[in-house]
Each structure stands twice: as structure tokens, then as C-alpha cells.
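Visitor: sequence plus the predicted model coming up.
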Number of protein chains: 2
Amino acid sequence: MDKTKLRWNGWGLCKAPDVLGDNGEGIWQWLAQYFGMDALPDTPALPLNRISLPSSRLDASQLKRLAEITDTERVTTEPRERAYHARGRGYHDLLHLRAGKLGTAPDAVVYPENAPETQALVAHAVENGIALVPYGGGSSVVGGVTPSLLSGQCAVVTVDMALMNRVLEINKTDMVAHGEAGIYGPALEEQLQEAGVTLGHYPQSFEYSTLGGWIAARGAGHQSNKYGKAEDWFLAASLATPRGIWRTETFPRSAAGPMLRDLVPGSEGAFGIITDAWTRIHALPEKKEYRAWFFQEFQAGVNATRTLLQHDIPTAMVRLSDANETFFYSVLHGGAEVAANGPLGFCLMLVGFEGDAAEVDHGCARAEEILCACGGADMGAGLGAMWLHTRFETPYLRDPMLDRGLGVDTIETVVAWENLPALHERVCQALEIAIADNSPREAGKGIVMAHVSHSYRTGASLYFTFVFQRDTARDVEQWRTVKTAASDAIIAAGGSISHHHGVGTDHLPWIAQEKGAVACALLRSVKKEMDPQDILNPGKLIP
Amino acid sequence: MDKTKLRWNGWGLCKAPDVLGDNGEGIWQWLAQYFGMDALPDTPALPLNRISLPSSRLDASQLKRLAEITDTERVTTEPRERAYHARGRGYHDLLHLRAGKLGTAPDAVVYPENAPETQALVAHAVENGIALVPYGGGSSVVGGVTPSLLSGQCAVVTVDMALMNRVLEINKTDMVAHGEAGIYGPALEEQLQEAGVTLGHYPQSFEYSTLGGWIAARGAGHQSNKYGKAEDWFLAASLATPRGIWRTETFPRSAAGPMLRDLVPGSEGAFGIITDAWTRIHALPEKKEYRAWFFQEFQAGVNATRTLLQHDIPTAMVRLSDANETFFYSVLHGGAEVAANGPLGFCLMLVGFEGDAAEVDHGCARAEEILCACGGADMGAGLGAMWLHTRFETPYLRDPMLDRGLGVDTIETVVAWENLPALHERVCQALEIAIADNSPREAGKGIVMAHVSHSYRTGASLYFTFVFQRDTARDVEQWRTVKTAASDAIIAAGGSISHHHGVGTDHLPWIAQEKGAVACALLRSVKKEMDPQDILNPGKLIP
């Protein structure tokens, strides 16, 4: 991954795709009106050459010692590198990066090339009181890669795993792949697919995130119904830790006591740096089918989703948008004129099927039966194909929105089916109220929408997107207030603080309550055992 | 569960079913010949009234304090109760029980009625240095419930959970059941099935094991392909621990850091006493279909099993016997005359399908295609129906074998597909050699057989059964030598020391090597956090 082609303060490629195309002008105009303005303001980001970074806390001799572990080219204090690694890519991060607030820039970025080097870096950090930030693609939206150090530590170094990007083995007998942690999604899938197999893990960040990051953050891909969430497809890993290399258990299942490997997914670099991992893989699907259904009520769609899951219908994905999201995405794809008639009054469900042709045909036919019985109307394959085609473009909308005085963030959770409707209502309401209370104008409107993104027999994940007018005078505080209101509502409604984004710094305040005293004590005892000096990603995950 | 109706020194009901029926005489005669004897010897167990138990280490005042937590009826030092709880139900255990070697009898057995009582017992034990053995159905075959105490501890008390046997909630929206830990399989399934749902967990010990025990031992039921292994269907639990009640996370999935609940399955009572648990449930299957296929070679059957799993064919069970097991089970069911022609030269595969009729029909048709392509011959539904009907009778054969100078034990593992054939060969060979070397006669023969019992995309469980002539002068040593040889062979061939029996005392010697230094350190740190005084099931699980 050539980082010079990627934005240091925004999403993805410097040469971003023009997501809105010909619809752009109309949509921006419509958004201005929606938020009560004649036109959207111009709120550009500071360019890097107008920002001064804090000096590195590492002097020449300290940098030399790091370079003795790797080599001089792979230890850098170059300003763009430090700025690039100063934060993840959440809305909150972008506010800082775009404003040139780079106080969190790491004192150096190091690129290890192999596991022994990574282990040597960890040992060096322990010996010298240096905090390390394990770094995959850096797409964390919860502050998971924000450098920070504890009192007594002399510096913080980001360990960017991007050079550890090899597929080490593809075993088609066991259907297991072994890869280095720093490999990005596209490179991994390219090599797997050349061999006729796939991991099938396509998170929204797919293009700019890595195998190790997916595991560390306990991520989920769009097609998790078939391919599993990170903790499902994760089989084993090696980690560089203060206790030496830890290679976890590898068995498909075992009763040899608890599997300590289960502590790795979601560990966010706090117990060790994942150097390589073994994953379950699948044969490349012989057939893919993505179909759309419309539901008049969100709840009917939720019931239909639940029925699909509880009847073991083999879907790869079920994505059910609420009426608001269905409306706003139709404006996005259809242009401002679509908005003229106001909300459409229905909810879009996209259902994906992948696998052997016989499995896909069976799943499709069974789903058709169930969804119709639940009140769904089959809308064919067009919308599904469009979604598949454009799905990685949506995150690119955030930067131009930020340039135009608009903020957009997402928040997600997982909840038991029974509690899902109330949670949906409560969180939408909390967001609307908090957006109004924190708008630069009196009771400013927001756009609040949600979809069911991942589903299980016992519950589902809800993914909320909210758009609002930035209060540029206090935009970090504005964000934090809105985020807090939504997070409190999630916990109060029985949801988890995160289904697939992770904890990082941003969700840390809710962890103690969610997990309870005993689990938190256990988490701290594991941390203490693995990293007694707290050099690994301090300030994240551990309450 | 009325324990007076159950054998204190053998399997199941005192009034055991006559498994062999009319075939019995012929089969015993054939076995005598097989092992080179004219007739099998008479080696009965000692009756309880001829055995003197060690005195309880608890004096009247200590017992009174226990009874203040529960009540006088629920604290017992009655000889049959102490003998009953002196060991689990492995071959190794039966050798001790039948010989009247009851040195491990607990000093008392306590039956808590609810979680606060259980918690109070734990607190009392911590305060008074009493070791506790959490006890479900007591069917452990790895020494998981053998009472033992550490130096400095004054007594060991077995906490039998049998009175905590209620189903607390059945939620058909979330498809989740909440039950107390001490409920036995039949009572749990009866109540679930009355409500139209099932957990679907049918381990071989189903009739005499409990919800809490299944989780604590990380067990697997026959139909785990559909319903999952304990760690799959387990959602959450409450545990009484030295740190107070621990209620684990409950979400279907979450990215709020590692799920500490993952430490509960396989914890074998070492971190706390499971008082109640939440499990995934399924609708009662609309249709069940169990069919048999024959394969000329075991390896062809293994490949076929792997293909079913890796193509996501919805099976409930795939059980593939090797040629030896196919032969010996055909003798068992068909009588000694079946044995006359010698081994049949083929391998039996039973495939079960359960679920909606549409799912079953689809799975069945796809399996037929794949299995035929892999060289299988469809033998229809007769053998499957017979297996379903008689599957819980087989364990009853062990007691009459022990009465007749024969020993029988099982050992199981899980291994990657690629390593499965070599492991199968290596373990069978190790067993044959060790049986011969430890036979009371020169190079005595054994019966060694195996089946693939549970399967996954990346590997499968192999379950070995071995029958041998007891060397009654040294039968514990004989067993240990054979068991050690087989266990060493499993580890050397890349298998786990257990797929679903657990660790207990018997597998403990292999845990450090299997899990590695870091995982063992983690396990100890979790133990230390949860149970710093080591009162919970000491001597098990923790290397």
C-alpha cells in the first residue's frame, strides 16, 4: 500500500472517485436547504505545509537504536508519515487532522519486515519505556490507533505492519490460509482468489484495512452471514508480546480447556502485536445473487430478517434499511429530484446469496417464500447489483461534506431481537435531540438513519448514520456530546457499545458498565500478564 | 434425578437395559475366543456394604455451618452419596470404584438450591479453606469431578447442582433459553420441546449430564453440525466465584473487546460454579432424516465428509466409522454369527439431517450427489434409524465387560483434515502396541476402532474405542500406560488432547505442551484472578 497515494487527513485515495457525479450540484443544494441554508459554507482542511508538528521525543541516538532493529529506511520521523499516523479515520479524528491539531503524532513510525523484528521492537520498547501503537490500515473509527503514552514512558512509536504483507500458505485441504498481519484486503483477496478461494471478509474499510486489523478490532464484513465475523473466521495467530512470541491454539474446536486464542479478536494491540494469522477460507462462490425486497414497515423487515436467520436460510448478507435510510440513499443515487416527493414510506432490504449454484438457488427460493410471507415485495436484482458496485464509494462522501460545513458519523451496536425495535427508536431519538441541542442554529435538523447490517439467530447489529451541520467553533465538543447521547441510549436499550468497530479510546467510557466488574478485572489481569509495563497501545480497550 | 436409581459405581440406571439381548451369549463367547480364552472370567465389583469409606474430615460443627447455608437435608455425609461422588465415570474411575478404592470420596456433598446459596458456599469455602468440586451429572471421563484438596485445605466438598434444575425462561423471539446449571438433559429437552424448541445437544452422556456440565466441559452433542458444540450454543452464564457473582456478556456478537465469557466453556469449575446459563435454541425440527452410506476405504469417507462440510451442506451429523468399528458394531447388533466371515471391508457413514422439511430435502439431495461422487453407496434409512434408536445404550456395555475381565475405554481428539489420516493410523497403532505390551498374556490382542464424530470446515474429531483383556493385578497401571501411549500419539500427530471430553486430571499432563507457555501463563493468571486461594476444583485444568 503506497501511502503517498492515500490522504493523510481523509478517506482513501488522494484521487477520490466522484461519488455523486452529475447529481452532485443538486444534492449539495438540497442538503443546504434541508439544513436551512442558502448554500453550504466552505470549510476546507488545513494543508500539511501550513501545520507544524510537535518535535519527536526521540533523539538521534534513540532513533539509531530503532534503526538497528529494522534499518534506517524503515524508521521514519518524516512529517507526512507522522501526520498520517497521528490518528485513525473516524469523524472525530478527521476534525483534528483537518484542523492541523497533530499533538498525537507518533514520535516515529517503524515498519517491521518480519516477526522476529516485531518481537525485537517489543522487547526494545519494554526495555526503554516506549509506548507502541500497533497499526494495520489505520482505518479505526474509535481512536484505536491514536498514539498516546503514559507518564514515565519516553516516547510513542507507531508500528506500521504494512511491509508484512505476504500470504504464507493457502491450504485447500483444510481450507485455511496463513497470512502476515499487514496485508491489505485487496492484496489478500487477489492472492486467495487466484488460488480459487476467498476469505470473504469485506468490511466497509476493505480497501484500506488489514488482516491483523480486522482481527484486532473484531471486525465484520458485509457478507458475515456466510463468511463469519472476524472472531468466527479467525483460527489462530502469532503475536509479538512482552512475554515473547505467542502462537495461539489452532484447532477447529477443542475441549482442552478455554481457548486463550479467543482473547485475540478484539484485543486491539493491547496484549501483543499480531504478526500473522490463520483464517478459515471458502471456495470462490460459483454464483452470487443480490436481490432487493421492499417492506412497508421497518418492523416487518426486522421480523423477516429474524425469520431468515432462525430458519437457517443460507444467506451471505441481509441488509435492511429503515425508511429514512432508504429515502436518503435513494436521493444519493437518484439525485435531488428524487427528494422532491419526500420520504418514500418503505424500507429496502438487500439479501445476498453466495456459494455453490445449488445452495444459492435453494437459499433464494426459501428466502422468497419467507420474505413474501412476512410482507416483503420482491424488487429483483437491480438494486442489489447497484449496491455491490458502489458499496466502497460511500465513505468518500465524508470528506466533501466536511469541506462544506457538514458532519457525518456512524455508530453501531448489536442487540437481542426482542430489544431491537425499542433500541432503534431510542437511539434515533437521542441522536435527533442531541443534534438539535448542539446545532449552530436553533433546534437544527439532522439526518438520522439506520440499517440492520449483520444478523444472527439471537439478535442483530444496527448501524446508524447521522448527518448534521457542523458547529465549527466547537466541533469536537459537538461531536462528543452527540456521540455520548447515542452511546448512552444504546447501553440503556440493552445494546453493546460496538458490534464491529471496537473500543479504542472512544468507546472506553462504556466498557466497565457493559462488561461488569468481574470481566473488567479479568481483562486487566490478562493485560497485566501479557504487558505488565503497559507499553502496548496504552489508553485503549482496558477500563 | 433420583440418584438412588443410578449406579454409584457404573453407568446409568441400576436397572440397566439388556443391550445385547438374545445375542449376548454368542457375543461373549466370541469375545472370549477373540482374546484367546475359553470363557471370560468373572470379575465382579465390590458391593458398597463391603467397602469402608475414609472418615469425613468435617466435624459436626463444620457440617452444621454448611447446613446453615443450605439446610440439614442438603448437606450429606451418607456413605452412598460420598461413594457416588468419589469419582466420575471414566474407565479409570470405574476401576477405583469397583475395587472399593474410595480415598477420593468427598468429605460431604452439598446440594444448593439457588445462586445465592451457591455463592454463599463459595464464600464459606474461601473463608475456611475448603476445596469445592462443582458437580453436574458426574459423567466426566477425564477425572473432572474427582475430589482433591491442596495442602493447607481442611476438606473437600462436592457441590452437586442437581436441585438447580429449572428452566427459567424460553424466549422464542430471540430463540434463547435460560436454565439453571443442574438440569439434566432429558428434563431440559422435555421442557424445551413442550414449548416447540430444542437445544439439540445430545452428547453420549445426555441422560446423565447437565447443562452446566456440558458448558464446563466444552462438550459436543451427536448433532453438533447443526446445533453446535457447547462453546457455539453457549451465550452467557452466571457463575458463583470467590469474586462474587459473575454474569458474563450476553450479546450474539460484539466488538467491545475480547468476550470474557469465552473463558467459561471448558473452565471445568476452576473459575467459578456455573449457576445458570443462556443458550441458543432452535425450532423443533419439522423433519429428521438419518441415512447410511458405505465407503470401501476410510479415506474416501473422510474426503466425502470434508467435502460435505466445505460445501456448506446443511447436515446435523456426519459419523464415519472406520472398517474395524463398522465390523465390531455389526457384530454387536447382528450377533456373533456376523463375525464368522471376518471384517466386512467397508466403512459405514451415517448422515443426519434435521430442520425444516425444505432444508432437510435440500441437504439430503446435495449430500447424495456429493457422497456418490466421492465413492459412497447409499444404504437407505434403516441403519440410521437403528443408530438413533439405540445410541444411548452403548455405554451400558462397559459394566458387563468389566464384570467379565474386559476393559474398554475411549479417547478422542480433533485435528486438521490434512493430518487426520496419519493421526488415525498412528493412534490405532500406538493403542495396539500398548495393549499388546500391557496384556496379561503374551502380545495379547486388542480391539481398536475409530470414527469421525464431529466435523468442521477445517478439520474433524476422531473418536477411538479400544477393548482389551484386563490385567486385574495392575489394571490402573495398565490403563494409564495405554492411555499415555495413545495421548502421546495424538499430540505427536498434531491433534488436540481433547475435542469434547475436557481436561480434568487425566489430560492435564498434555496441556502445557498443547497450549504453550504464554497460553498457560494466561490460564494461570485468570485462575489467580478468579480463585486466588485455589478452592475451586483444585488439581484440574490448570497446568
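Guide: Perfect, I can see it now. Numbering: from 1, shown residues only, chains lettered A, B, ... in the order given.

Visitor: tell me which helix or strand of chain A sits lowest on mean pLDDT?
Guide: Evaluated with mean pLDDT, DSSP states H and E, the helix-and-strand set of chain A has its lowest mean pLDDT in helix A:336-339, which scores a mean of 86.

Visitor: check which element follows it along the chain.
Guide: Counting by DSSP states H and E, the element after helix A:336-339 in chain order, helix or strand, is strand A:347-355.

Visitor: centre of the chain versus that following strand, how much separation?
Guide: A distance of 21 Å separates the C-alpha centroid of strand A:347-355 from that of its chain, computed with CA atoms, centre = their mean, to the nearest Å.

Visitor: equivalent analysis for stretch A:95-114, please.
Guide: 19 Å.

Visitor: what of stretch A:367-377?
Guide: When C-alpha coordinates are averaged (CA atoms, centre = their mean), stretch A:367-377 and its chain have centres 31 Å apart.

Visitor: C-alpha coordinates for it, CSV please?
Guide: The C-alpha trace of stretch A:367-377 is given here as CSV (Å, rounded to 0.1, in the frame of the first residue of the first chain):
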residue,chain,number,x,y,z
ALA,A,367,-35.9,-16.5,1.2
GLU,A,368,-38.5,-15.6,-1.4
GLU,A,369,-41.1,-17.7,0.4
ILE,A,370,-40.3,-16.4,3.8
LEU,A,371,-39.9,-12.7,2.8
CYS,A,372,-43.2,-12.7,0.9
ALA,A,373,-45.0,-14.3,3.8
CYS,A,374,-43.6,-11.5,6.0
GLY,A,375,-44.9,-8.8,3.8
GLY,A,376,-41.9,-8.2,1.5
ALA,A,377,-42.2,-7.2,-2.1
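
Visitor: what mean pLDDT does it have?
Guide: Mean pLDDT, taken over the full extent of stretch A:367-377, equals 98.

Visitor: which of the residues in the least confident helix or strand of chain A are buried?
Guide: Residues of helix A:336-339 classed as buried by neighbour count (16 or more other CB atoms under 10 Å in any protein chain shown): A:336, A:338-339. Every residue, glycine included, has its C-beta placed from N, CA and C.

Visitor: what's in contact with it?
Guide: Contact with helix A:336-339 is made by A:23, A:26-27, A:29-30, A:327, A:330-331, as judged by CB atoms under 8 Å, 6 or more residues apart in numbering or on different chains.

Visitor: if we can go back for a sec, let me have the buried residues of helix A:336-339 in a markdown table, extended by distance to residue A:56.
Guide: Rendered in a markdown table, the data for the buried residues of helix A:336-339 read as follows (distance: CB to CB, whole Å):
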| residue | distance to residue A:56 |
| --- | --- |
| A:336 | 48 |
| A:338 | 51 |
| A:339 | 49 |
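
Visitor: state whether residue A:291 is indeed within a strand.
Guide: Yes. With DSSP: H, G, I helix; E, B strand; the rest coil as the criterion, residue A:291 is located in a strand.

Visitor: list the beta-bridge partners for it.
Guide: Beta-bridge pairing of residue A:291 under DSSP bridges involves residue A:351.

Visitor: hmm, it is touching residue A:384, no?
Guide: Yes. With contact defined as CB atoms under 8 Å, residue A:291 counts as touching residue A:384 (5.3 Å).

Visitor: those two: which has the busier surroundings?
Guide: Here residue A:291 and residue A:384 are compared on neighbour count by other CB atoms under 10 Å in any protein chain shown; more neighbours surround residue A:384, at 24 against 21.

Visitor: which helix or strand contains that one?
Guide: Following DSSP H and E, the helix or strand that holds residue A:384 is helix A:382-390.

Visitor: and that helix, average pLDDT?
Guide: Mean pLDDT, taken over the full extent of helix A:382-390, equals 91.

Visitor: next, the angle from that helix to strand A:347-355.
Guide: Using axes from the mean of the first three to the mean of the last three CA atoms, to 10 degrees, the interaxial angle of helix A:382-390 with respect to strand A:347-355 works out to 70 degrees.

Visitor: quick one: buried residues of helix A:382-390?
Guide: The neighbour-count check on helix A:382-390 (16+ other CB under 10 Å) flags A:383-384, A:387-388 as buried.

Visitor: cool, and stretch A:94-108?
Guide: Residues of stretch A:94-108 classed as buried under the neighbour-count rule (16+ other CB under 10 Å) are A:94-98, A:100, A:102, A:104-108.

Visitor: do the same with stretch A:204-217
Guide: Within stretch A:204-217, the residues that qualify as buried are A:204-217, counting by 16+ other CB under 10 Å.

Visitor: then stretch A:107-122?
Guide: Of the residues in stretch A:107-122, those buried by neighbour count under the rule 16+ other CB under 10 Å are A:107-113, A:115, A:117-122.

Visitor: do stretch A:432-439 as well
Guide: For stretch A:432-439, the neighbour count (16+ other CB under 10 Å) marks A:432, A:434-436, A:438-439 as buried.

Visitor: list the contacts of that stretch.
Guide: Outside stretch A:432-439, the residues that reach it (CB under 8 Å, 6+ apart) are A:443-446, A:448, A:466, A:468-469, A:471, A:478, A:481-482, A:484-486.

Visitor: which of these lies closest to chain B?
Guide: In terms of CB to the nearest CB, no member of these lies closer to chain B than residue A:486, at 15.3 Å.

Visitor: surely the closest one touches residue A:430?
Guide: Yes. Contact between residue A:486 and residue A:430 holds when scored by CB under 8 Å: they sit 5.4 Å apart.

Visitor: what distance do you get for residue A:214 to residue A:388?
Guide: The span separating residue A:214 from residue A:388 equals 20 Å under the rule CB to CB, to the nearest Å.

Visitor: likewise for residue A:223?
Guide: Where residue A:388 is concerned, residue A:223 sits at a distance of 10 Å (CB to CB).
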